[in-house]
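Chemist: this one's sequence-less:
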């Protein structure tokens, strides 16, 4: 029996019990609550992490896509110099006899877009996938350094 009255509906609450596994959701009864459908639709998009580094030779993009293979990922370049990485992580098939205790891995469609700089060689972009990491390499146009000629000073 709880010593604290429940202010949030008829269910008994033990949110002050440090050993309780129950987590109070303050948005539980609101219409925009964190329903699994909404979470599934957005979590993959939000969780797709991409690093972009520039080396003297190229722009290199690395995306963590664990559990996906190259057939589930699409890399495209639009006319206006936009690199687009997209794909879909499928939802695991649910068996009626299974009891799920926690679902943390994201599923759903994802899409990331990056505007490439003017020095990108659009016709030489390469992509590879290894161990769940997508690497997109965009070579840079070589900038020719001006020839500097030393002039001897007489005096």
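Modeler: Sure thing, it's come through. Remember, it's a predicted structure, so these values are computed and weren't measured experimentally. Numbers count the residues shown, from 1 in each chain.

Chemist: excluding its backbone neighbours, what's nearest residue 139?
Modeler: Sequence neighbours aside, residue 121 is the residue nearest to residue 139 in space, at 4.4 Å (criterion: Cβ to Cβ, 6 or more residues apart in numbering). Just so you know, the C-beta spots here come from the backbone N, C-alpha and C atoms, and that holds for glycine as well.

Chemist: what does residue 69 give?
Modeler: The shortest distance from residue 69 to any residue that is not its chain neighbour, by Cβ to Cβ, 6+ apart, is 7.2 Å, and that residue is residue 129.

Chemist: give me the pLDDT value at the one you found.
Modeler: According to the model's per-residue confidence, residue 129 sits at a pLDDT of 96.

Chemist: got phi/psi on it?
Modeler: Main-chain torsions, residue 129, degrees, to the nearest 10: phi -130, psi 130.

Chemist: and it, what does it touch?
Modeler: Taking Cβ atoms under 8 Å, 6 or more residues apart in numbering as the definition of contact, the neighbours of residue 129 are 65, 68-70, 73, 135.

Chemist: so it bridges to which residues?
Modeler: Bridge pairing for residue 129 (DSSP bridges) gives the partners residue 134.
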